[in-house]
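> Everything below, folded, please.
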Amino acid sequence: MNDAEAIELETGPEPRATVIWLHGLGADGYDFVPVVEELGLPERLHLRFVFPHAPMQAVTINQGMVMRAWYDITGDVRDRVGDERGVRASQARIEALIDAEKARGISAGAVVLAGFSQGGAIALHTGLRHRERLAGILALSTYLPLPHTLAPEAAAANRDAPVFMAHGTYDSMIPLARALESRDALRAAGYAVEWREYPMAHAVCAEEIMDVATWLAAVLGDNGARGRGVT
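Below is the predicted model of the structure:
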């Protein structure tokens, strides 16, 4: 995989687990590369971070400007709607990345899908539908897209997958209320969602990074070892 498709960083030789981290609207794969060092994860985990670039496309809410986006968005700030065709196309892209990791010796059970904003929406959408159990799903400052399709499409394998959601209480891009609706819908459907709120806008803060690091270390500490048959 080259930089034109995704950025890759490895925290140790022969990675035992993979975090596929999706950027937000208008950004690119480089956006969250600095977070790897900031997480300060244990060296023993030997992780591979994959930061893919979303495709370039016109985005309706941004006056049709062409930018990197996982799907088009219409509607106002309170009721933004992602186009189903675009969501499903991005789902297929992420499924292909999971398959690529499996081909390199990382089991699905040692893969975390992570994302911020629009990227977090795709992480949720894809992870809850993936046919094999994942290590976990990390969704920051985001919401559940296409919620009406989850019940018939949810994969039984990921009913008990760890889900970490976090949001800023001052987020004007994706209001906290919308994220809470998604959290509550997931919990009502039986998912164990770990939830955090921070006094920030549509962003990431130091406290959040610390909480994410703790969560990642917990879900990958054992799964990462199993991913390559290590005990």
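> surely Pro147 meets Ser182?
Yes - using CB atoms under 8 Å, Pro147 makes contact with Ser182 at a distance of 7.2 Å. Using the backbone N, CA and C atoms, a C-beta is placed for each residue, glycine as well.
> Look at the two and report which has more neighbours.
Ranked by neighbour count (other CB atoms under 10 Å), Pro147 and Ser182 place Ser182 first, with 22 against 15.
> Pro152 versus that one, what's the distance?
From Ser182 across to Pro152, the span is 18 Å (CB to CB, to the nearest Å).
> before we move on, the earlier item: what is in contact with Pro147 and Ser182 at once?
Common contacts of Pro147 and Ser182, defined by CB atoms under 8 Å, 6 or more residues apart in numbering, are absent altogether.
> what's the helix or strand for the residue nearest the centre of the chain?
Taking CA atoms, centre = their mean, the centroid of the chain lies closest to Ala114, which sits 2.3 Å from it. Per DSSP states H and E, Ala114 falls inside strand 111-116.
> hey, which helix or strand in the protein has the poorest pLDDT?
strand 81-82 (a mean of 66; mean pLDDT, DSSP states H and E).
> Count the residues that sit near Ala156.
8.
> and the nearest residue to Arg68 once chain neighbours are set aside, helix, strand or coil?
Excluding the flanking residues, the one nearest Arg68 by CB to CB, 6 or more residues apart in numbering is Ala54, at 4.3 Å. Under DSSP: H, G, I helix; E, B strand; the rest coil, the three-state class of Ala54 is coil.
> how about the strands in this structure?
6-10, 17-22, 47-52, 56-59, 65-68, 73-74, 81-82, 111-116, 136-140, 163-168, 193-198 (DSSP state E).
> Quick check: mean pLDDT of the second one?
It stands for strand 17-22. In this model, strand 17-22 carries a mean pLDDT of 98.
> Number the chain from 276, please
Shifting the count to begin at 276 puts that one at strand 292-297.
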